[in-house]
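Asker: Okay, sequence plus prediction incoming.
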Protein chains: 2
Amino acid sequence: MKGDLVIVGLGPGPEGWVTPAATAAVAAADVILGYTPYVNRITPKPGQILEASDNREELVRAQRALSLAASGKRVAVVSGGDPGVFAMAAAVYEAVEANPASADGVDIRVEPGVTAMLAAAARIGAPLGHDFCAISLSDNLKPWATIERRLRLVAEADFVIALYNPASKARPQQIKQAFQILSAVLPAETIVVFARAVGRPDEEIDVATLAGAADMPCDMRTLVIIGSQATRQVKSPDGRAWIYTPRSEQRR
Amino acid sequence: MKGDLVIVGLGPGPEGWVTPAATAAVAAADVILGYTPYVNRITPKPGQILEASDNREELVRAQRALSLAASGKRVAVVSGGDPGVFAMAAAVYEAVEANPASADGVDIRVEPGVTAMLAAAARIGAPLGHDFCAISLSDNLKPWATIERRLRLVAEADFVIALYNPASKARPQQIKQAFQILSAVLPAETIVVFARAVGRPDEEIDVATLAGAADMPCDMRTLVIIGSQATRQVKSPDGRAWIYTPRSEQRR
């Protein structure tokens, strides 16, 4: 008898953002696989096996998960945020495509989650209130030229832009290049939000303009949101401020 | 003493997709406001007041919510999916901008949720596995020319495209126009997913090509995902099929 494989989104961090369906899927698993920081969020029940592995090992992890499920195990692969956004769901289907027989009779499903940009947006106001896009800035899996071209076109189209994987120790400069590309199209006063470790104890949300964005700290735990030409700051008389994009096209 | 206002995402439908934080926010409210179908999902506790109102009344609802909160009530405004994506969070900040005094001393926060495109993607595989965008096809709040231009540019940039509000009784033709615009840029065999009423008893997921997309049924409860040139179908030997977009740029 074949087992099953569920690819689960654990949300950005806090328990309050893990859906009951995700919690149930993890609880029902015999084996739970994932990138170490995500697996570390699971408290295993008696008998449950946790298999943590490194970043960049997504395809091997997916193959291992399929193989365990084919052997009759109930398998959960965990991702932070939503598993379908720059995460493990695509890796599992890549493994299925490379070896369709590995999925034969294995029940595969995805449990969605709150992806990072939604949580980041919620913390600062409603910057994703109008048309927006999500781009992974990592060029591990696509040419940098593609990223450049996409940034230019969505800036021309005046989308709000959410950047996943904006920087890492190996790629500290690309976010600065991205801001440079965007500056050729967008005004210097375009609002840029840096949301770091959203939902975690060390959460930090900063707001800059595009002109000053390259000087802001940015790492692999940061989600960057670049506003459209309608994205603005709104203040209450008591001094609090929020960033939002109106539903209509009115510019600042 | 001022009350507070939380704008809550209830997810696409099923209880399993409502985050514990959203559930807690609704439970703590004195008054719950929202579009009727979303308010109808709430079972009020003794003493809780529900105020359902019509679609297109977002700004009035936002003003009413701010006013109730200013009078000391704990107020929840509920949205389906995520409140920051084409939903009530932007409307509340629009109301704040129009009348900053209405937010004076009122605690305002957003509780994120699973937005429709994530749930739709999860049901069919992982079509949002690579760079993607979200566009509302409703021209109630922006000119149709803007929508056309954005569709053309993101098609040129080879994004996966999620279309919110693709059609309504008043706008049955615009989704067909959108497919026509996209057909000028994208190949006829581009994959199009129609996800209707995701998570509900009458859920229906259909897959077509761009060439045949205009003939597919589509209404205001449908979320449409148009694949990039890398989005593909993958099959298991037992005949099941999924749609996904690989993490790398490899074309079909």
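Answerer: Sure thing, it's come through.
Asker: Now do the helices in chain A.
Answerer: A:20-27, A:36-39, A:58-70, A:88-98, A:116-124, A:144-156, A:174-183 (DSSP state H).
Asker: Now do the contacts for A:Q177.
Answerer: Neighbouring residues of A:Q177 by Cβ atoms under 8 Å, 6 or more residues apart in numbering or on different chains: A:E148. Using the backbone N, CA and C atoms, a C-beta is placed for each residue, glycine as well.
Asker: Can you check the pLDDT for the residue lying closest to A:R56 once chain neighbours are set aside?
Answerer: Nearest-residue entry for A:R56: A:N140, 7.1 Å, with adjacent residues in sequence omitted and distances by Cβ to Cβ, 6 or more residues apart in numbering or on different chains. Listed pLDDT for A:N140 reads 83.
Asker: I figured A:N140 hits A:F86, correct?
Answerer: No. Distance between A:N140 and A:F86: 11.0 Å, which falls outside the contact criterion (Cβ atoms under 8 Å).
Asker: Those two - which one has more neighbours?
Answerer: Comparing A:N140 with A:F86 by other Cβ atoms under 10 Å in any protein chain shown, the one with more neighbours is A:F86, at 25 against 13.
Asker: that older thread, which one of the helices of chain A lies nearest to B:I147?
Answerer: Nearest of the helices of chain A to B:I147, taken as Cβ to Cβ: helix A:144-156 at 14.5 Å.
Asker: Quick check: which helices or strands does that closest one pack against?
Answerer: If contacts are counted by 3 or more Cβ pairs under 8 Å, 6 or more residues apart in numbering or on different chains; DSSP states H and E, helix A:144-156 sits against strand A:132-136, strand A:160-164, helix A:174-183, helix B:144-156.
Asker: before we move on, back to that, let me have the helices of chain A in JSON lines, adding mean pLDDT as columns.
Answerer: Output for the helices of chain A, formatted as JSON lines (pLDDT from 0 to 100):
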{"stretch": "helix A:20-27", "mean pLDDT": "98"}
{"stretch": "helix A:36-39", "mean pLDDT": "96"}
{"stretch": "helix A:58-70", "mean pLDDT": "97"}
{"stretch": "helix A:88-98", "mean pLDDT": "98"}
{"stretch": "helix A:116-124", "mean pLDDT": "98"}
{"stretch": "helix A:144-156", "mean pLDDT": "96"}
{"stretch": "helix A:174-183", "mean pLDDT": "97"}
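Asker: Which of the ones you listed has the highest mean neighbour count?
Answerer: Of all the helices of chain A, helix A:116-124 has the most neighbours on average by mean count of other Cβ atoms under 10 Å in any protein chain shown, namely a mean of 27.
Asker: B:R196 is nearest to which of the helices and strands packed on helix A:144-156?
Answerer: Taking those one by one with Cβ to Cβ, helix B:144-156 is closest: 21.1 Å.
Asker: That closest one to helix B:174-183, inter-axis angle?
Answerer: 40 degrees (axes from the mean of the first three to the mean of the last three Cα atoms, to 10 degrees).
Asker: And the contacts of helix B:144-156?
Answerer: A:131, A:133, A:153-154, A:156-159, A:249, B:133, B:135, B:137, B:139, B:161, B:174, B:177-178, B:181-182, B:184-186.
Asker: tell me the centre residue of chain A?
Answerer: A:A116 (4.8 Å; Cα atoms, centre = their mean).
Asker: ok, back up a step: which one of the helices and strands packed on helix A:144-156 lies closest to B:Q229?
Answerer: Of the helices and strands packed on helix A:144-156, nearest to B:Q229 by Cβ to Cβ is helix B:144-156, at 9.7 Å.
Asker: Next, the contact list for A:Q48, please.
Answerer: A:29-32.
Asker: ok, it to A:A76 distance?
Answerer: 9 Å (Cβ to Cβ, to the nearest Å).
Asker: shared neighbours of these two, which are they?
Answerer: Contact criterion Cβ under 8 Å, 6+ apart; residues shared by A:Q48 and A:A76: A:29, A:31-32.
Asker: how's chain A carved up into domains?
Answerer: A:4-114, A:117-244 (automatic domain parsing).
Asker: any low-confidence regions in chain A?
Answerer: Chain A contains residues with pLDDT under 70 at A:1.
Asker: quick one on the thing from earlier: which of the shared contacts of A:Q48 and A:A76 sits closest to chain B?
Answerer: A:A29 (15.9 Å; Cβ to the nearest Cβ).
Asker: The closest one contacts A:I7, correct?
Answerer: No. With contact defined as Cβ under 8 Å, A:A29 does not reach A:I7; the gap is 11.2 Å.
Asker: who touches both of the two?
Answerer: A:A76.
Asker: Next to chain B in this structure, residues from the stretch 151-252 of chain A, please.
Answerer: The stretch 151-252 of chain A comes close to chain B at residues A:153-154, A:156-159, A:232, A:234-238, A:240, A:242, A:244-249, as judged by Cβ under 8 Å from any Cβ of the partner chain.
Asker: what distance separates the start and the end of stretch A:122-142?
Answerer: Terminal residues of stretch A:122-142 are spaced 29 Å apart (Cα to Cα, to the nearest Å).
Asker: cool, stretch A:92-103 as well?
Answerer: Termini of stretch A:92-103 sit 10 Å apart (Cα to Cα).
Asker: Same check on stretch A:107-120?
Answerer: 33 Å.
Asker: hmm, who's touching stretch A:208-219?
Answerer: A:166-168, A:175-176, A:179-180, A:182-183, A:186-192, A:194, A:196, A:206, A:224, A:226.
Asker: Only the buried members of those residues: can you turn that into a ChimeraX selection?
Answerer: Buried residues among the contacts of stretch A:208-219 (16 or more other Cβ atoms under 10 Å in any protein chain shown), as a ChimeraX selection:
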select /A:166,167,168,175,176,179,182,183,186,190,191,192,194,196,224,226
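Asker: how about the strands in the stretch 151-252 of chain A?
Answerer: A:160-164, A:191-196, A:204-209, A:222-226, A:232-235, A:241-244 (DSSP state E, counting those that start in this stretch).
Asker: Quick check: neighbours of the second one in the sheet, parallel or antiparallel?
Answerer: It refers to strand A:191-196. Sheet pairing of strand A:191-196 (DSSP bridges) gives strand A:204-209 (antiparallel), strand A:222-226 (antiparallel).
Asker: quick one, which of those is packed in tightest?
Answerer: Most buried among the strands paired with strand A:191-196, counting by mean count of other Cβ under 10 Å: strand A:222-226, with a mean of 26.
Asker: Among the contacts of A:Q48, which ones are in strands?
Answerer: Among these, the members falling in strands (DSSP state E) are A:31-32.
Asker: Among the contacts of A:Q48, which pair sits farthest apart?
Answerer: A:D30 and A:I32 (8.5 Å).
Asker: Need the residues touching each of those two.
Answerer: Both A:D30 and A:I32 are contacted by A:48-49, A:75, under the criterion Cβ under 8 Å, 6+ apart.
Asker: could those go into a markdown table alongside distance to B:V110?
Answerer: Listed next are those as a markdown table, based on distance: Cβ to Cβ, whole Å:
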| residue | distance to B:V110 |
| --- | --- |
| A:Q48 | 34 |
| A:I49 | 37 |
| A:V75 | 34 |
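Asker: and stretch A:120-139, anywhere near chain B?
Answerer: Yes. With Cβ under 8 Å from any Cβ as the criterion, chain B is reached by stretch A:120-139 at A:121-123, A:125-136.
Asker: Determine which two of the residues you listed are furthest apart.
Answerer: Taking Cβ to Cβ, no two of the residues of stretch A:120-139 next to chain B sit farther apart than A:G125 and A:S136, at 23.7 Å.
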